[in-house]
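Novice: Whatever this is, show me its structure:
(2 chains)
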Amino acid sequence: AQSVSQHNHHVILSEAASLELGCNYSYGGTVNLFWYVQYPGQHLQLLLKYFSGDPLVKGIKGFEAEFIKSKFSFNLRKPSVQWSDTAEYFCAVKNNYGQNFVFGPGTRLSVLP
Amino acid sequence: GAVVSQHPSRVICKSGTSVKIECRSLDFQATTMFWYRQFPKKSLMLMATSNEGSKATYEQGVEKDKFLINHASLTLSTLTVTSAHPEDSSFYICSAWGGENTEAFFGQGTRLTVV
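Specialist: Sure thing, here's the model as predicted:
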């Protein structure tokens, strides 16, 4: 079965620090990859997505992610975080057959002012 | 972006009763919709994948007779929690797949409390 893992449960950073959140998936076929963010009290919002082409994708709010097929990874990065980035971040994987859109366990990011 | 409306946003029901949650894609047709359950401070757990006009595909461990899913049209999927018990209390979220090379759009979620 398809599964998604995220390396960190809770990450605490100071403002202006760089961020990298790990995401690995287990599925041998073609996949679509996503990062979603959930701010406190709000519903999920798409940060970025990868379907094909350039493995380095840029999303909203200065986030980017790199797809490394050989490592089954899709890590999220941001060079300089802000207090407003405090939220829960979810990596998600959808297989190309349309079934199963699976989320990782999430990583809580706390940015200290 | 596309809009997915989920209703109700909050419901309280008595133990033993059934509750229906609706998920509508307002400005696009969704052949596939997903239903999730989110526990406090936890991730979204995929319950089932709903395809228009066919039976839903349930994830392992999810009781299909308890969580009835109907996807009768391209814009509406419903989740009915039958004979609800307090342990069914949770936050239920639906998402609608926008089509090839797009994304999933999420509803606002439904907070179910069974008393």
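
Novice: who's in contact with the worst-scoring helix or strand of chain B on mean pLDDT?
Specialist: Scoring the helices and strands of chain B by mean pLDDT, DSSP states H and E places strand B:104-106 at the bottom, with a mean of 86. Contact with strand B:104-106 is made by A:34, A:43-44, A:92, A:94, A:101, B:1-4, B:25, B:34, B:93-98, as judged by Cβ atoms under 8 Å, 6 or more residues apart in numbering or on different chains. Heads up, the C-betas are built off the backbone N, CA and C, glycines and all.

Novice: Okay, and which of those map to strands?
Specialist: Among the contacts of strand B:104-106, the members falling in strands (DSSP state E) are A:34, A:92, A:94, A:101, B:4, B:25, B:34, B:93, B:94, B:95, B:96, B:97.

Novice: Now do the contacts for the second one.
Specialist: Under the criterion of Cβ under 8 Å, 6+ apart, the contact list for residue A:92 reads A:4, A:33, A:34, A:35, A:36, A:101, A:102, A:103, A:104, B:104.

Novice: again, but for the third one
Specialist: Under the criterion of Cβ under 8 Å, 6+ apart, the contact list for residue A:94 reads A:31, A:32, A:34, A:100, A:101, A:102, B:97, B:104.

Novice: Quick check: which of these has the minimum pLDDT.
Specialist: Lowest pLDDT among these: residue A:100, with 72.

Novice: wouldn't it be in contact with residue B:47 here?
Specialist: No. If you go by Cβ atoms under 8 Å, residue A:100 and residue B:47 don't touch, sitting 11.6 Å apart.
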